[in-house]
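Undergrad: Here is my input, please return the structure:
(one chain, ligands or ions: 1)
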Amino acid sequence: MPPPDPAPAPPAEAVAPLIRGVAVLQRLTEANGVLSPSALERATGLARSTVDRIVATLVRMGYVRLDGRDATLTPRVMELGNAYLAALRLPDLLSARADALADALDESVSLAVPDRDGIRFVHQATRRRAMSLSFRMGDLLPAERTAPGPLFATEWTADAWRTWRTRRQQDPHDRRFPAVPPVLRPPAGLTAYEDFERRTKDAAAAHYALDDQLIEPGLVAVSVPVRDPRTARIACVASVVSHTSRHTAAGLRDTLLPRLRTAVATMEEDLRQAPPPAPGAPRSGTALWTGASKQELGREFVESLARGLTVLTAFGEGRAELTLTDVAKATGLARATARRALITYEHLGLLTPADAPTDAAPDAGPAHRAFALTPRVLSLGFPPLSRTSLPRIATPHLRALTDAIQETTALAVLTESGDEIQYTARVPASHVMSVDIRPGTRLPAAATAAGRLLGQGSPTTPTPAAYTVTDEELEQGVRSIAVPIRDRTGRAIAALNVAAHVARRTTAHCVDDILPALRATASHIETDLHTASRFTHVPLT
Ligand code: PHB
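TA: This next block holds a predicted model:
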């Protein structure tokens, strides 16, 4: 367990339940998304009754699900990190370039931003290889063990260097960085410090930096800063990551650095040409929603936590810097409530005063100070969910549907040829006689409800029928009904399907009784999919 940040005591106006709720989300994130209640108790140091109420509130918000007794992060929690990434804009503007470079070089490419004395990934274009260690979006690494680190450190103030030295002294094994293997034998004396200072000087002179197996034997990287055209400061760092079985660090510099530099020049041009952000509509009705939940759940619902968390989702594209007034308006919260949430987040390092006041003189009162989300918002659930897949997203929803209708439910996709469907997830009902389709099973598309549904849509005609039913066509006795699962663009990319034995359900039965539940489940899966795929690639199988 990483030692907690030696944070100063919270200000008097900070919201204690919000601090505790954030701690629960962070400990769940460090544990890869799943903890039992007793493990949560140990990890947070909170009383069991407090943990239970926080978890109940997070369940109500859709950020956590209970698998048995275990608290499990859901894709929905990614909306917090999405708010930061949308406000940042860099992934929207640059990730296609990073992906193209990864394809061209056949190596992983990442984009990282500075997070105090660490670096945090805001994009990962990963290659699938036997020998590849790559980090997840949202992972935090100690600056001195990476290639981007010395580049960011060229902009550090004396204060930032002091923070870094203190952290090295307090945490020589890097236990505060659960994403990296711990340092077994920290270098003695000043050597590590001097080495990082020397690497930073070199990076300032050469405008690139190398990581020669600083994190782990075999892992090498070369990095180049992407500068913000308006400020000339480093907006993010682009890295090419490889393995010594393919490139040495020096080899990376000699062969791939020129192409990385060319790609970065294009990225900087893209930033120069970027249109102003399109301000998205803020979500509304928070106050009403949390009030209703309080009525319903009573003591088990920690309203100040729910209200506080919605403050983060007030930020987004075109809403990168918000004042107290903006936040109160976007969330529907009372100004006093919103103000205390802002104070709490600033204390937790999740919000920072924006560079310049947006709508007021520099000496304006606190109501006019603008705030921006920090990369640390990604520590609220993002990394463990950043590599999910559609079957993993769908399975808990299939389970709930199977429980509700007592029929086997499944998810299917069309194979590349278009002639077959392949089942990718399935939750059987506990009937003695049940339709036997396992994940991986392929069936002729034309004979199945799912196949007919998906076969109707082509990339250019994105809207197939709302549902299809097949009757005893594939196999005598099997009646099947399917509805589409659509991606963010509205394209049907999978089918949700119930296959029942004719003896149990008439066709009318299927349509009248099962279809509404099927549609509701499809909509839940789509909500999760759309949240998860806003900034990450979600594989369909
Ligand atoms: C990565 O993208 O995984 C990465 C980048 C730079 C490093 C190490 C890893 O120094």
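
Undergrad: what does the chain have sitting close to the ligand?
TA: Residues of the chain lying close to the ligand (CB under 6 Å from any ligand atom) are 110, 134-135, 146-148, 211, 215, 221, 223, 239, 241. Heads up, the C-betas are built off the backbone N, CA and C, glycines and all.

Undergrad: helix, strand or coil for the residue in the stretch 51-200 of the chain that the ligand sits nearest to?
TA: Of all residues in the stretch 51-200 of the chain, residue 110 sits closest to the ligand, at 3.0 Å by CB to the nearest ligand atom. Judged by DSSP: H, G, I helix; E, B strand; the rest coil, the three-state class of residue 110 is strand.

Undergrad: My read is that it contacts residue 139, right?
TA: No: using CB atoms under 8 Å, residue 110 is not in contact with residue 139; the gap is 9.7 Å.

Undergrad: the more surrounded of the two?
TA: Taking neighbours as other CB atoms under 10 Å, residue 110 and residue 139 compare with residue 110 leading, 27 against 23.

Undergrad: can you pull the pLDDT of that one?
TA: pLDDT, residue 110: 97.

Undergrad: Tell me how far it lies from residue 95.
TA: Look at residue 110 and residue 95: by CB to CB, to the nearest Å, they are 10 Å apart.

Undergrad: what's the answer for residue 30, then?
TA: With distances taken as CB to CB, residue 30 is found 25 Å from residue 95.

Undergrad: Those two: which is more packed in?
TA: Legend: neighbour count by other CB under 10 Å for residue 30 and residue 95, higher for residue 95 (21 against 18).

Undergrad: element containing the closest residue to the more buried one other than its chain neighbours?
TA: Closest residue to residue 95 apart from its sequence neighbours, by CB to CB, 6 or more residues apart in numbering: residue 123 at 4.7 Å. Element membership of residue 123, judged by DSSP states H and E, is strand 118-125.

Undergrad: partners of the helix or strand just after that strand, with directions?
TA: Proceeding N to C from strand 118-125, the next assigned helix or strand is strand 140-142, under DSSP H and E. Here strand 140-142 has these sheet partners by DSSP bridges: strand 118-125 (antiparallel).

Undergrad: now the partner strand: how far from the chain's centre is it?
TA: Its chain's C-alpha centre and that of strand 118-125 lie 11 Å apart, by CA atoms, centre = their mean, to the nearest Å.

Undergrad: Which residues does it contact?
TA: 85, 88, 90-91, 94-95, 98-99, 101-103, 108-114, 134-143, 146, 148-149, 152, 177, 236-237, 375-376, 378, 386, 535 (CB atoms under 8 Å, 6 or more residues apart in numbering).

Undergrad: Check these for burial and list the buried ones.
TA: 85, 88, 90-91, 94-95, 98-99, 101-102, 108-114, 134-143, 146, 148-149, 152, 177, 236-237, 375-376, 378, 386, 535 (16 or more other CB atoms under 10 Å).

Undergrad: which parts of stretch 249-258 are buried?
TA: Here stretch 249-258 shows 249, 252-253, 256-257 as buried, counting by 16+ other CB under 10 Å.

Undergrad: show me what contacts the closest residue to the ligand within the stretch 251-400 of the chain?
TA: With CB to the nearest ligand atom as the measure, residue 252 is the residue of the stretch 251-400 of the chain nearest to the ligand, at 10.7 Å. Residue 252 is in contact with 210, 220-222, 240, 242, counting by CB under 8 Å, 6+ apart.

Undergrad: Just give the nearest non-adjacent residue to it, would you?
TA: Per CB to CB, 6+ apart, closest to residue 252 is residue 222, 4.4 Å.

Undergrad: Please report phi then psi for that neighbour.
TA: For residue 222, the backbone dihedrals (degrees, to the nearest 10) come out as phi -130, psi 140.

Undergrad: Check whether residue 470 sits in a helix, strand or coil.
TA: Once three-state DSSP is applied, residue 470 turns out strand.

Undergrad: in the sheet, who's paired with it?
TA: Bridge pairing for residue 470 - DSSP bridges - gives residue 480.

Undergrad: correct me, but it touches residue 449?
TA: Yes: counting by CB under 8 Å, residue 449 is a contact partner of residue 470 at 4.5 Å.

Undergrad: So those two - more neighbours on which side?
TA: Shown here are residue 470 and residue 449; by other CB under 10 Å, residue 449 has more neighbours (27 against 22).

Undergrad: ok, that one - contacts?
TA: Counting by CB under 8 Å, 6+ apart, residue 449 touches 467-470, 480-482, 495, 497.

Undergrad: of all those, which comes closest to the ligand?
TA: Once CB to the nearest ligand atom is applied, the member of the contacts of residue 449 that ends up nearest the ligand is residue 495, at 35.3 Å.

Undergrad: Shouldn't that closest one be within a strand?
TA: Yes: assignment of residue 495 by three-state DSSP places it within a strand.

Undergrad: still on that earlier bit, shared neighbours, residue 470 and residue 449?
TA: What both residue 470 and residue 449 touch, as defined by CB under 8 Å, 6+ apart, is the set residue 480.

Undergrad: Low-confidence ranges, the stretch 1-150 of the chain, go.
TA: Residue ranges of the stretch 1-150 of the chain with pLDDT under 70: 1-7, 129-133.

Undergrad: ok, which stretches of it are helices?
TA: In the stretch 1-150 of the chain, the helices defined using DSSP state H, counting those that start in this stretch lie at 16-30, 37-44, 48-60, 78-88, 90-105, 148-153.

Undergrad: What values do phi and psi take at residue 316?
TA: Dihedral angles (degrees, to the nearest 10) for residue 316: phi 170, psi -160.

Undergrad: any idea how far residue 224 is from it?
TA: Remark: distance between residue 316 and residue 224 (CB to CB) = 29 Å.
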